[in-house]
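Visitor: output the structure for:
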Amino acid sequence: MGTPARVVVLPVDTAELRVESLELPDPGPHQVVVKQFASGICHSQLHQMHTPRRRPVVLGHESTGVVLQVGSEVTHVVAGDTVMVTWVPRQATSASIPPEPARLEVSDGTAVSQNVFTWADHTIADQQYVVKVDPNIKTDVTAIIGCAVMTGAGAVINTANVKPNESVAIFGVGGVGLSAVVGARMAGAHPIIAVDLDDNKLAFAKGFGATHVVNASQEDPVAAIHALTTKSDRFTFSGAPVSGADYAFDCIGIKKTMEQILPACRSGHFGAQDGGKAVLVGVPSTSAEINATDLLLNEKHFIGSIGGSCSPDRDFPRFLAWEDNGDLALDKMVTERFSIDQINEAADALANGKIAGRAILEF
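Guide: I've put the predicted structure just below:
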């Protein structure tokens, strides 16, 4: 017997979302059916909504919930367990074959997802995307750990492996960028420079650990970062004092910011230390041009970080501990809440920059 569900569907020919009542199938051998408490609303879904497609799509990739049913070969969760659903395999090295993305029969065809769908009051997912957690966690705001926190904080602590007193610049301080700010603070970074176009968002970022802020609509952020990080006792290939961030994170992914993070990075201390690292975190919407001369002469690095290089089974307990200790402050980071029937309102608010931190759907 299937599970009744209300699911947000993105049709083929419009970006107007609809909520459809349907029945989820019984779980296959490796699948888990989850009744959901809350789901994050991620900016990457806007990319999906405005990308041409051949079939309907089901959206969302971070949530909290409780297990209703499990397949015959699922062993790490049972009915009644509190779980988080995410889009990154919980134990990628243990999967003998890549887990199947969710597919769902909707009124206008077979809808596909990017691994999972969480804009729904119930979902079905491969067991690799379902992570067992402590039943005593907050079941609303922790939903954003499955993407926003994982992606931002993970980029800092996993991909870049930032060390105490290393300098960090973070371009874009929405939900992912704020999580990167928290990750930098927890790593002991200094200074932590937040870059955005909105003074309110920059002020908000200070509450999560940003030590300096730069409004890129009012000044050149690259020059500002170099002014904040000059080291008069170190010298570049050309003999100039070393300046720039040890790590610059682009949490947006547009052409301008992708092209700013490399020049914002520290030049190498010639013969003694290589240059800084530019880390692409936001989903890119365009191509970008990189200054190869800067990359070469200053021995800089340009690297990518997908999902914060996270392993959910390993990293989610750490992020939940941060929240339990008051370090993550998800109640403050989640600034908007919507019902499933308000999904188009939520998408419009996100597209128009009206979400200061992160928004969630509550079921």
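Visitor: what is the least confident helix or strand in this protein?
Guide: strand 231-235 (a mean of 82; mean pLDDT, DSSP states H and E).
Visitor: so which elements touch that strand?
Guide: strand 241-242 (3 or more Cβ pairs under 8 Å, 6 or more residues apart in numbering; DSSP states H and E). For every residue, glycine as well, the C-beta is placed using N, CA and C.
Visitor: list the strands paired with the strand it packs on, with their directions.
Guide: Strand 241-242 has the following sheet partners, assigned by DSSP bridges: strand 231-235 (antiparallel).
Visitor: and the residue nearest to Val156 when sequence neighbours are not counted, what element?
Guide: With sequence-adjacent residues excluded and distances taken as Cβ to Cβ, 6 or more residues apart in numbering, Val156 is closest to Gly183, at 3.4 Å. Gly183 belongs to helix 175-187 when assigned by DSSP states H and E.
Visitor: follow-up on the earlier one: which positions within the least confident helix or strand of the chain qualify as buried?
Guide: Arg234, Phe235 (16 or more other Cβ atoms under 10 Å).
Visitor: again with stretch 6-24
Guide: In stretch 6-24, counting by 16+ other Cβ under 10 Å, buried: Val7, Val8, Val9, Leu10, Pro11, Leu17, Arg18, Val19, Glu20, Leu22, Leu24.
Visitor: so where is the chain shaky, pLDDT-wise?
Guide: Scanning the chain for pLDDT under 70 picks out the ranges 94-97.
Visitor: could you chop it up by domain?
Guide: 3-146+329-362, 149-307 (automatic domain parsing).
Visitor: which of the ones you listed is buried the deepest?
Guide: Burial of the domains of the chain is given as mean neighbour count (mean count of other Cβ atoms under 10 Å); domain 149-307 ranks first at a mean of 21.
Visitor: longest strand in the protein, please.
Guide: strand 31-41 (DSSP state E).
Visitor: export the domains of the chain as a markdown table, with columns for distance to Asp315.
Guide: What follows is these, written out as a markdown table (distance: least, Cβ to Cβ, whole Å):
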| stretch | distance to Asp315 |
| --- | --- |
| domain 3-146+329-362 | 9 |
| domain 149-307 | 6 |
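Visitor: of all the ones you listed, which lies closest to Phe316?
Guide: Counting by Cβ to Cβ, Phe316 lies closest to domain 3-146+329-362 out of the domains of the chain; the figure is 5.5 Å.
Visitor: where do the helices sit along the stretch 51-200 of the chain?
Guide: 148-154, 175-187, 199-206 (DSSP state H, counting those that start in this stretch).
Visitor: okay, those helices in a markdown table with distance to Leu296 next?
Guide: Output for the helices of the stretch 51-200 of the chain, formatted as a markdown table (distance: least, Cβ to Cβ, whole Å):
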| stretch | distance to Leu296 |
| --- | --- |
| helix 148-154 | 29 |
| helix 175-187 | 27 |
| helix 199-206 | 33 |
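Visitor: how near is the closest residue to Val83 other than its chain neighbours to Glu23?
Guide: Closest residue to Val83 apart from its sequence neighbours, by Cβ to Cβ, 6+ apart: Val130 at 5.1 Å. Separation of Val130 from Glu23 (Cβ to Cβ, to the nearest Å): 20 Å.
Visitor: list the contacts for Glu90?
Guide: For the record, residue 90 is Arg, not Glu. Gln128, Tyr129, Val130, Val131, Ser311, Pro312, Asp313 (Cβ atoms under 8 Å, 6 or more residues apart in numbering).
Visitor: what do you get if the cut-off is 6 Å, keeping everything else the same?
Guide: Gln128, Val131, Pro312, Asp313 (Cβ atoms under 6 Å, 6 or more residues apart in numbering).
Visitor: repeat for Leu46
Guide: Ala351.
Visitor: name the element it belongs to?
Guide: Using DSSP H and E, Leu46 falls in helix 44-49.
Visitor: can you give the distance from the least confident helix or strand of the chain to the centre of its chain?
Guide: 35 Å (Cα atoms, centre = their mean, to the nearest Å).
Visitor: follow-up on the earlier one: tilt between the helix holding Gly183 and strand 31-41?
Guide: 90 degrees (axes from the mean of the first three to the mean of the last three Cα atoms, to 10 degrees).
Visitor: contacts for helix 175-187, please.
Guide: Helix 175-187 has contacts (Cβ under 6 Å, 6+ apart) with 148-149, 151-153, 155-157, 162, 168, 170, 192, 205, 208-210, 249, 251, 328, 333, 357-358.
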